[in-house]
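Q: Prediction below, plus the sequence it came from.
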Amino acid sequence: MAVNQELPLTSLQGVSLATALFLMLWVYPKRYVDKHGKFGWAETLLEMHDFLVATVSIVLAAYVLDIGHDVLAARTGYYLDPYTLGYLYHLLKIYEYLDIILAVLSGNAVISKNAAFGHLALPYWSYFRIVNRPQDSVNWRLQVIADCFVRFLSRAVPWLVEDVKLEETILRMFGEARWYADLAITGIWLLFTLQGQREDEQALKVFGKPYEDEATAYFLSAIIMLYAGYTYRQEDAEKSQKEIVKKQTQQPRIEAKNSVGAEPASRSMHEAIRQSSRRKR
């Protein structure tokens, strides 16, 4: 079944125009904020935006998980076919361009490479893997469920968890699991295609009908995910290096402070304990 090219943003040109608009709305407001300061209303709007994305992501994940079972359709009375669900996910990835724009307007001028590339690339991932495919193809559903769940967690966890380190650990664990799963699924289907196993009945029962240009779609999807993983690892390594340098610069100061007045080591230790208890209170 052919792709419905009449829907908005279902062509590569449409996605490219949306990206160009996003880059323009990123660069010019950033210059304004750097010069005049942040917009006070942007933080409130960003919180509302995060709540909307989290809600839509978890609902979309539930509906995609329900493909072939129709339990939600029976309970809610709303049936959404697989292509409509995939198209809604594609629109959600383009809508998430607002993550960066609202973050810039609220005064967060530092956008990591991983966040920037992820927001730029995911609409193209959804184009190659979902939109530019037959409407009865559903072999993207596991990756969409994983991504929607991680997007929900990235917005829900900061509201529920106060410990910053625990928050980072949870998001890192699920984010890496999603990344590895995405690469594994894409790699498996690319191998199926390259080996000419398009008539594999078991694979068709689970994932759906293959497509003539699927090898290109899988290859481009894998490139996007590999580079996203590279930027994430690079960012993580830079962060670890900064923490090491920070500890190394702080250590001489602590030793110099302890040596002033020839204070006993035990006294310094108890003073540190008292200071720590004051912070906790």
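A: Received the coordinates, thanks.
Q: Tell me where the model's unsure across the stretch 151-281 of the chain.
A: 164, 167, 189, 192-215, 232, 235-236, 239-240, 243, 250-281 (pLDDT under 70).
Q: and Gly175, what element?
A: Taking DSSP states H and E as the definition, one finds Gly175 inside helix 164-194.
Q: how far out from the middle of the chain is that helix?
A: 11 Å (C-alpha atoms, centre = their mean, to the nearest Å).
Q: packing partners for that helix?
A: helix 141-160, helix 214-259 (3 or more C-beta pairs under 8 Å, 6 or more residues apart in numbering; DSSP states H and E). Using the backbone N, CA and C atoms, a C-beta is placed for each residue, glycine as well.
Q: One more pass at 10 Å, please.
A: helix 113-126, helix 141-160, helix 201-207, helix 214-259 (3 or more C-beta pairs under 10 Å, 6 or more residues apart in numbering; DSSP states H and E).
Q: any chance of these in a markdown table, with mean neighbour count and distance to Ala74 too?
A: Shown next, in a markdown table, are the helices and strands packed on helix 164-194 (neighbours: other C-beta atoms under 10 Å; distance: least, C-beta to C-beta, whole Å):
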| stretch | mean neighbour count | distance to Ala74 |
| --- | --- | --- |
| helix 113-126 | 19 | 28 |
| helix 141-160 | 19 | 19 |
| helix 201-207 | 12 | 22 |
| helix 214-259 | 14 | 32 |
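Q: check contacts around the spatially closest residue to Ala115 that is not a sequence neighbour.
A: Using C-beta to C-beta, 6 or more residues apart in numbering and skipping the chain neighbours, the partner closest in space to Ala115 is Ile100 (7.2 Å). Shown in contact with Ile100 (C-beta atoms under 10 Å, 6 or more residues apart in numbering): Phe22, Leu23, Leu25, Trp26, Lys30, Asn108, Ile111, Ala115, Ala116, Gly118, His119, Leu120.
Q: Leu65 now?
A: Val71, Leu72, Arg141, Leu142, Val144, Ile145, Cys148, Phe149.
Q: Between the residues you listed, which sits nearest Glu43?
A: Cys148 (24.7 Å; C-beta to C-beta).
Q: That closest one contacts Gly86, doesn't it?
A: No: between Cys148 and Gly86 there is no contact under C-beta atoms under 10 Å: 11.8 Å.
Q: quick one: common contacting residues for the two?
A: If you check Cys148 and Gly86 against C-beta under 10 Å, 6+ apart, the residues they both contact are Leu60, Val64.
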